Structure formats: structure tokens, C-alpha cells
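> Model the following, please.
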Amino acid sequence: MPEGTTEEASRPPRRRGRTALLIAVAAVLGVVAGTCTGFVVQANRAPDKLPSLSQATLTQAKGPAPEPLSAAQDHRVKTDGDLRKLLLRKPSGATATLFPMGSDGWLTLADYAETYVEPDGALGYQSREEFRRAAVTDWMEGSREVDIYLVQYRQEDSLGAVDAAKDALYYADRESRTDSWTVPGTADGKAYVHHADDDGYTAEAHAYRGDIYMEIWVYDSKPITKAKIMDLAKRQMERL
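Predicted coordinates for the structure are as follows:
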């Protein structure tokens, strides 16, 4: 995608650390407060009368209905359940992060927007992409922090999971001093290890399956290996 396009400007870049998250909280609260005020004003208005509905007579199909898909064949049997159960389990010995994400493993749209550098733009972007829900798990292993998100989209008018993964890959590919690899078993999934900067080392992975977008972030004061981020990405995608 060419730089400087309107489409690029509508895609807020992803975060690069928890410092940006803490700074962004105040901005999100302001946006949410304004939204709530709008709902209150609208709720106090008298409802408009709806026009009458009309529909042509539909022809009734004949013959027996097709057999329903088995649980093994129907992707939605798994993805319409508790999304948190599809997340990787925290490894033995892992501890809680300093700032745990979400509430009981769930992220609201506002919560998820806080993980962006520009949360106010992320709110609108995720709404347009038909954000449905998001689950998260995070843990510490010594100095290493692991954050895993599963974000599900309605995908009625747009392919939200596909768009989210492509946007993340686009920005990750622009990073300098970065190594990347394809995640096996995915359409376009990739994993990245970024060389050290002032905040330490960062690795990330992005992929999608059906209506679910997966993103993984790893932070450490020590170098992060290809084996570590690839193992997390492959095992998480297998659970989808």
C-alpha cells in the first residue's frame, strides 16, 4: 500500500509497549464519556414512527432439510462458544503481569482501543470493521511478558479479521532492523522479532482464521528468539 493514502491514515498503528497504553487511557475515557452523553440525549427524545413494512410472498422450499453439520465440521460450534477457552493456557510457573489486560479475560471495544497508539481513531476503525468481541491472556515468565489477543468480527459487510491481520502485517513489515518468518498453517500469518530499542526487545505475530484475528506480543529486556515467538504463534493457531 502506498504511503500517505487516506486508507493508511484510517488504520491506527498498533502499540509498541505498555507505556503507550497508560498514556492512552485518559484519551479513551474522554471519548467514552462523550459517547455516553450522546446516548442519554437520544434516549430522552420521542421515538420516530416507523414506516409500514411490506414483503413479497416467499416460496416455501419442498423436500427434507439438509442434515446439520457435526461439531467437527461446523467452525462456529467452536468460535461461537467461550472465546477465552481457545486462548493458550498460562505456562506452569508464570506470574501475573504488572498491568493485567481486560476483565476476567474479556476486552470491551474501549479496552481494545486502548492498546492502540491512537485509541480514539481505533474506536471508529474497529466499529467500522464490525468488532464483535475480544479475549486476552497475559503472563510474565521472569523478565518476559506475553500478551495474546483473539479478536472476533461479525463479518457481515466486511472481512474484519482479514483486514486486521493485513493492517498489522503492513505496519510490522515497515519496522527497521526486524526479522520475520511465515507462520506455518496460516494463509498470510507472520511472526517478527525486532532488534533492541530503548524499551528493550519486542516480538509479535499476527494471523487470522475465519472471523478471528490473532495477535501475540512478547516483551523482554533480553533477546527474544525466533523459536519462542514461532512456538507461541503455531500453538495458538492450532487451537483455532
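> where does this protein have its least confident helix or strand?
helix 18-43 (a mean of 47; mean pLDDT, DSSP states H and E).
> Number of residues surrounding residue 197?
Using other C-beta atoms under 10 Å, residue 197 has 12 neighbouring residues. C-beta: built from backbone N, CA, C; applies to glycine.
> so what's it bridging to?
residue 200 (DSSP bridges).
> got a list of what the nearest residue to residue 87 once chain neighbours are set aside touches?
Closest residue in space to residue 87, ignoring its immediate chain neighbours: residue 137 at 4.5 Å, by C-beta to C-beta, 6 or more residues apart in numbering. Shown in contact with residue 137 (C-beta atoms under 8 Å, 6 or more residues apart in numbering): 84, 87, 88, 90, 105, 147, 148.
> swap the cut-off to 10 Å and go again
Contacts for residue 137 (C-beta atoms under 10 Å, 6 or more residues apart in numbering) come out as 84, 87-90, 94, 97, 100-102, 105, 146-150, 236.
> got the buried residues for the strand or helix carrying it?
In the assignment (DSSP states H and E), residue 137 maps to strand 131-141. Neighbour counts over strand 131-141 (16 or more other C-beta atoms under 10 Å) mark 131, 132, 134, 135, 136, 137, 138, 139, 140 as buried.
> can you check stretch 172-187 too?
Neighbour count says stretch 172-187 has 172, 180, 183, 186 buried, by 16+ other C-beta under 10 Å.
> separation between the closest residue in space to residue 185 that isn't next to it in sequence and residue 184?
Residue nearest to residue 185 in three dimensions, not counting chain neighbours: residue 237, with 5.9 Å by C-beta to C-beta, 6+ apart. According to C-beta to C-beta, to the nearest Å, residue 237 and residue 184 sit 8 Å apart.
> Nearest residue to residue 166 in space, please, no chain neighbours.
residue 188 (7.1 Å).
> Hmm, residue 132 and residue 112 touching each other?
No. Residue 112 lies out of contact with residue 132 (C-beta atoms under 10 Å); the separation is 11.0 Å.
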